[in-house]
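Peer 1: Starting from these lines, generate the structure:
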Amino acid sequence: MPEHVHLMITEPVNGNPSTVLQVLKQQVSRTLRRRRKKPAAGQLTLPFGRSMAEAPAFWQRRFYDFNVWSEKILEKLDYMHRNPVKRRLVVHPKDWPWSSWSHYATGAAGLIRIDSLRAEVRTTKQEAGKRQPPHP
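Peer 2: As a prediction, this is how the structure comes out:
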């Protein structure tokens, strides 16, 4: 989404999700602030052409988080995949370049690395019986 990100992570072995997100947000902000090139067609325009003092914060101070239990993993993943379609940014989830939809549907690599939930998805499918298709 142009103004928010969906991210599903597992509990890290060391640390906690807040620390993981803090590091992720710092690395993304630093990388984007270093870029001063004109964005290519289709890329998001970010306010980092200005000095650090003038630029607004890229991230909100806090993130919205909640636990997803095994029986809800597919529901939340489908929600994440449908979000750009619902917002009318794309026609199909496969068209959103930052989506994991293609990874789960076809195994294709995308712009971001996905640590697959295949084992969890398989277990959830077996528990839930027949699953609804991921796109209406």
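
Peer 1: Would you mind listing the buried residues in the host helix or strand of S29?
Peer 2: Assessed by DSSP states H and E, S29 sits inside helix 17-34. By neighbour count, with 16 or more other CB atoms under 10 Å as the criterion, the buried positions of helix 17-34 are 20-21, 29, 33. Just so you know, the C-beta spots here come from the backbone N, C-alpha and C atoms, and that holds for glycine as well.

Peer 1: out of the residues you listed, who's nearest T106?
Peer 2: Set against T106, the nearest of the buried residues of helix 17-34 by CB to CB is V20 (27.8 Å).

Peer 1: Wait, that closest one touches P12, no?
Peer 2: Yes - V20 is within contact range of P12, at 5.4 Å (criterion: CB atoms under 8 Å).

Peer 1: distance of the residue lying closest to H6 once chain neighbours are set aside from S99?
Peer 2: Nearest-residue entry for H6: M80, 4.3 Å, with adjacent residues in sequence omitted and distances by CB to CB, 6 or more residues apart in numbering. Look at M80 and S99: by CB to CB, to the nearest Å, they are 8 Å apart.

Peer 1: Those two: which is more packed in?
Peer 2: S99 (25 against 18; other CB atoms under 10 Å).
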